[in-house]
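Chemist: coords please:
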Amino acid sequence: MKNIVSILNEFKKIGLTSFDGVTRCVYDENWLAAQKKYMQIASDYGLYTFVDDIGNVYATTEKNLGQKAFILSGSHMDTVINGGPLDGVYGTLASLISIGTLMKKFGHPKIPLVAVSFSEEEGSRFNTAFTGSRYLMNKLEDTVYGLRDHEGGADVKIMDRFFRHRELPDSENFSKPGFQLKTA
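Modeler: Down below sits the predicted model:
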């Protein structure tokens, strides 16, 4: 497997701007390419991938988590406009590579591990932030689905084009990740 520095350099190319920054706004082509690449790396480590309805990608050590307790770690794939090359992606990859390496070295853990690449946390495209993590925590307001992007064009329902029309590999991976997070 490649080391994290070489993988980060590959991700830097996805959305590289003329200002040597990186732009991956949620649901744009760069973001989609990065989420697909994340899923491929997870698969290379033998992890199971799932995509939820908002576009969060989960890589797990268990095919079906059901109601099991698990440990979740990760970050977001979107960036601010002309963000730094580590914006969000370092956390997603550090989590994924750590879990993948542990799995390869020690096999299935007693408590399932889950890496997450949240779909959106920055608010660079829509006038809202943290939609990926709020969705996971069941704290996303229904009003978010009617938002228009900053250019007045696409609304949040744009995700349907990417996920429901097989833009992510393997249609069986479009599903709830097999668990429902319960909040206190």
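Chemist: in the protein, where is pLDDT below threshold?
Modeler: 127, 143-184 (pLDDT under 70).
Chemist: how about 80 then?
Modeler: 1, 53-54, 65-68, 123-129, 131, 136-184 (pLDDT under 80).
Chemist: give the helix, strand or coil label for the most centrally placed residue in it.
Modeler: For the chain, the residue nearest the mean C-alpha position is residue 117 (2.5 Å; CA atoms, centre = their mean). Following DSSP: H, G, I helix; E, B strand; the rest coil, residue 117 is assigned to strand.
Chemist: tell me who's in contact with residue 48.
Modeler: By CB atoms under 8 Å, 6 or more residues apart in numbering, the contact list for residue 48 reads 42, 59, 60, 61, 62, 63. Heads up, the C-betas are built off the backbone N, CA and C, glycines and all.
Chemist: the same query, at a cut-off of 6 Å, please.
Modeler: 60, 63 (CB atoms under 6 Å, 6 or more residues apart in numbering).
Chemist: and the gap between the residue lying closest to residue 63 once chain neighbours are set aside and residue 38?
Modeler: Nearest residue to residue 63, sequence neighbours excluded (CB to CB, 6 or more residues apart in numbering): residue 48, at 4.9 Å. Using CB to CB, to the nearest Å, we find residue 48 at a distance of 13 Å from residue 38.
Chemist: mutual contacts of the two, please.
Modeler: Counting by CB under 6 Å, 6+ apart, nothing touches both residue 48 and residue 38.
Chemist: residue boundaries of the helices in this protein?
Modeler: With helices called from DSSP state H, the chain shows them at 4-12, 29-44, 89-106, 131-136, 159-163.
Chemist: how about these in JSON lines, adding distance to residue 52 and mean neighbour count?
Modeler: Below are the helices of the chain laid out as JSON lines (distance: least, CB to CB, whole Å; neighbours: other CB atoms under 10 Å):
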{"stretch": "helix 4-12", "distance to residue 52": "21", "mean neighbour count": "14"}
{"stretch": "helix 29-44", "distance to residue 52": "12", "mean neighbour count": "19"}
{"stretch": "helix 89-106", "distance to residue 52": "15", "mean neighbour count": "18"}
{"stretch": "helix 131-136", "distance to residue 52": "7", "mean neighbour count": "22"}
{"stretch": "helix 159-163", "distance to residue 52": "9", "mean neighbour count": "17"}
